[in-house]
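Participant: Curious how this folds, go ahead:
(one chain, ligands or ions: 1)
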Amino acid sequence: MSGTLVLVRHGQSEWNLKNLFTGWRDPDLTELGIREAETGGQALADAGLKFDIAFTSVLKRAQDTLRIVLDKVGQTGLETIRDEALNERDYGDLSGLNKDDARAKWGEEQVHIWRRSYDVPPPGGESLRDTGARVWPYYMTEILPRVLRGQTVLVAAHGNSLRALVMVLDRLSKEEILKLNLATGVPMVYRLNADSTVASKQVLGDMSDAH
Ligand SMILES: O=C(O)[C@@H](CO)OP(=O)(O)O
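Facilitator: Here you go, the predicted model:
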């Protein structure tokens, strides 16, 4: 066995609450989102996890979640790499629109296809496959080598950038990943084998609803 990879989706954001497509827009966490991050951080502290390095996106909701988690595990100021490769899927022209208004305008089915198909991008935006096309290489070159050297690495990111990673780690099919909604603020702890396959996966509590 080599190292440990912990993935955590940011807590609820203002735009999750308002039911808006968010993508690369940059809303803050809500009070609930802050509490979700605290709960996730406490679960990591209770599990006795200590990190060597953290990764996050360039968006506030993921960075704030990371800061709260690091505070809970007693590692404020841990070396952190921020990269837009870990950003949420770009929602293109849908960014900032209300999800129900979009359903009224384009129909339930079309909006569902944009939100949950594997390779149909929303207008001007990214599909999950497009998101994976930037997340996977970043994982391979920046994150995985550290885990294989035995480090414990924390990644605080987004619903869809993390779904792209979970798809590969859990060997999920396109159909399976589309059904998976990651809970906010709930850490997923992966222990990896030396050949980069998953030795074990533990989800630390599952008290939060996915959005
Ligand atoms: O709005 C977004 O950016 C994402 C995540 O909240 O939404 P969806 O559930 O459609 O992937």
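Participant: starting at the chain centroid, how far to the helix or strand bottoming out on mean pLDDT in the chain?
Facilitator: Using mean pLDDT, DSSP states H and E, helix 174-179 stands out as the lowest-scoring helix or strand of the chain, at a mean of 91. In terms of CA atoms, centre = their mean, to the nearest Å, the centre of helix 174-179 is found 16 Å from the chain centre.
Participant: next one: stretch 45-55
Facilitator: Worked out by CA atoms, centre = their mean, stretch 45-55 lies 17 Å from the chain centre.
Participant: Please apply the same query to stretch 19-30.
Facilitator: Using CA atoms, centre = their mean, the offset of stretch 19-30 from its chain centre is 13 Å.
Participant: what sits up against the helix or strand that A54 is a member of?
Facilitator: Assigned by DSSP states H and E, A54 belongs to strand 53-56. With contacts defined as CB atoms under 8 Å, 6 or more residues apart in numbering, strand 53-56 is touched by 62-63, 65-66, 70, 78-83, 86, 142-143, 146, 151, 153-157. Placement of C-beta: from N, CA and C, glycine included.
Participant: What of stretch 121-131?
Facilitator: So stretch 121-131 is in contact with 21, 23, 89-95, 114-115, 117-120, 160-161, 163-164, 167, 177-178, going by CB under 8 Å, 6+ apart.
Participant: pLDDT (mean, whole number) over it?
Facilitator: The average pLDDT within stretch 121-131 is 97.
Participant: Report whether that stretch contacts the ligand.
Facilitator: No: using CB under 6 Å from any ligand atom, we find that stretch 121-131 stays clear of the ligand, coming within 8.8 Å at best.
Participant: For Y91, what are phi and psi?
Facilitator: Main-chain torsions, Y91, degrees, to the nearest 10: phi -90, psi 0.
Participant: what's the neighbour count on the residue nearest to it when sequence neighbours are not counted?
Facilitator: Leaving aside its sequence neighbours, Y91 sits nearest to G23 (CB to CB, 6 or more residues apart in numbering; 3.1 Å). Counted by other CB atoms under 10 Å, the residues lying close to G23 total 23.
Participant: what secondary structure does Q63 sit in?
Facilitator: helix (DSSP: H, G, I helix; E, B strand; the rest coil).
Participant: Before we move on, what's the pLDDT of the closest residue to it other than its chain neighbours?
Facilitator: Leaving aside its sequence neighbours, Q63 sits nearest to T56 (CB to CB, 6+ apart; 5.3 Å). For T56, the model assigns a pLDDT of 99.
Participant: again with Q12
Facilitator: Residue-level pLDDT assigned to Q12 equals 97.
Participant: Over to it: give its phi and psi.
Facilitator: Torsion angles, degrees, to the nearest 10, at Q12: phi -50, psi 130.
Participant: so who does it touch?
Facilitator: 29-30, 32-33, 36, 184, 211.
Participant: Swap in 10 Å and give it another go.
Facilitator: 29-37, 61, 184-185, 208-209, 211 (CB atoms under 10 Å, 6 or more residues apart in numbering).
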